[in-house]
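Undergrad: Okay, predicted coordinates and the sequence, questions at the end:
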Amino acid sequence: MGRSCLLVIVLSFALLGCGVQADQKPTQDACNAWCVAYAKAAFPSDGSMGCMTPLYGGMSGMGPQVDQAQAADSCRTQECVPLQGASMTCQTILKVMYECELGQPDLCADTGCETQMAAVNTGCP
């Protein structure tokens, strides 16, 4: 076996994680996107009022970009990392929920995705 074939095989396993990571990627991507969008809504850079009580992060006094980064990191740690062990059925349900959450006009209000949240509560043990 040539060196390039071995490299392709090693990279395939690294990228696919034997089928686990690749299957979870859409859910992780949706969760990460929601975390970033929520952090921007919670700590807007234009000086406007963000979320009254942010779910993640807080005012650091170092500017909205720092607050956004800290909130997004906290969100990823609390929201996205624990999802990695969920079943594939649950991964699909979670992806739909995060996509719905991301599409809300007011991310701070966190309303409008009750059906998707109910699906998470029943479909994800």
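TA: Perfect, thanks for sending it. Numbering: from 1, shown residues only.
Undergrad: any low-confidence regions in this protein?
TA: Scanning the chain with the threshold set as pLDDT under 70 gives 1-22.
Undergrad: Would you map the helices across it?
TA: Listed in chain order, the helices of the chain (DSSP state H) span 3-16, 20-42, 64-75, 88-102, 114-123.
Undergrad: neighbours of the closest residue to Cys31 other than its chain neighbours, just the number please.
TA: In this structure, Cys31 finds its nearest non-sequential neighbour in Cys80, 4.0 Å apart by CB to CB, 6 or more residues apart in numbering. Placement of C-beta: from N, CA and C, glycine included. Close neighbours of Cys80, defined as other CB atoms under 10 Å, add up to 20.
Undergrad: Am I right that Cys80 is in contact with Asp29?
TA: No - the pair Cys80 / Asp29 is not scored as a contact, 9.4 Å apart, by CB atoms under 8 Å.
Undergrad: The residue lying closest to Gln84 once chain neighbours are set aside and Val81, how far apart?
TA: By the measure of CB to CB, 6+ apart, the closest residue to Gln84 outside its immediate chain neighbours is Gln24, 6.0 Å from it. When distances are taken as CB to CB, to the nearest Å, Gln24 and Val81 turn out to be 11 Å apart.
Undergrad: the more surrounded of these two?
TA: Comparing Gln24 with Val81 by neighbour count (other CB under 10 Å), the higher total belongs to Gln24, at 21 against 11.
Undergrad: There's contact between the more buried one and Gly85 in this structure, I believe.
TA: No - using CB under 8 Å, Gln24 and Gly85 do not qualify as a contacting pair, with a distance of 9.1 Å.
Undergrad: In the chain, which residue is most central in space?
TA: Averaging the C-alpha coordinates of the chain gives a centre point, and the residue nearest to it by CA atoms, centre = their mean is Cys31 (1.7 Å).
Undergrad: what's near enough to touch it?
TA: For Cys31, the contact set (CB atoms under 8 Å, 6 or more residues apart in numbering) comprises 76, 79-80, 83, 94, 98.
Undergrad: what about Phe123, how many residues close to it?
TA: Slight slip there: residue 123 is Gly, not Phe. Taking other CB under 10 Å as the neighbour definition, Gly123 ends up with a count of 15.
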